[in-house]
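1. Structure for this input, please:
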Amino acid sequence: MSNYQEGQQKQAQLVQKLQQKVVTYLLFFLTEMKRRKRFFSCCKVLQYKKRCSELELVTEQQKNDIDRLRLTVSISIEKLK
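-> The predicted structure is shown next:
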């Protein structure tokens, strides 16, 4: 085999190895991106649940405030009678 043919063969082998590494890296990258997407989706759900809980608490506090005000107004009306 001539030097030129050996060089071409080695170059073809290197290109094939490089292609395999690129494919392996891309598969890893895609897998990692899918994992992160699931992770961030879970985080968004948890943030949503936390915000809902906070809003439920605020709503409950506002209901309690309204009930206290109603009672105060009712007592004040009774005193005026």
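
2. What are the boundaries of the helices in the protein?
-> Secondary structure of the chain by DSSP state H: the helices cover 3-80.

3. give me the low-pLDDT residue ranges for it?
-> For the chain, applying pLDDT under 70 flags the ranges 1.

4. center of it, which residue is that?
-> Nearest residue to the geometric centre of the chain (C-alpha atoms, centre = their mean): residue 40, 1.8 Å.

5. Kindly provide the distance from that residue to residue 33.
-> Distance of residue 40 to residue 33, computed by C-beta to C-beta, to the nearest Å: 10 Å. The C-beta positions use only the backbone N, C-alpha and C, and glycine is treated the same way.

6. what's the answer for residue 45, then?
-> Distance from residue 45 to residue 33, by C-beta to C-beta: 19 Å.

7. try residue 55
-> Relative to residue 33, and taking C-beta to C-beta, residue 55 is found at 32 Å.

8. again, but for residue 69
-> Residue 69 sits at a distance of 53 Å from residue 33 (criterion: C-beta to C-beta).

9. what's the neighbour count on residue 13?
-> 10 (other C-beta atoms under 10 Å).

10. what's the spacing between it and residue 80?
-> 100 Å.

11. Could you do residue 38 as well?
-> Residue 38 is 63 Å from residue 80, where distance means C-beta to C-beta.

12. ok, these two, which is more surrounded?
-> Using other C-beta under 10 Å, the more surrounded residue of residue 38 and residue 80 is residue 38, with 10 against 6.
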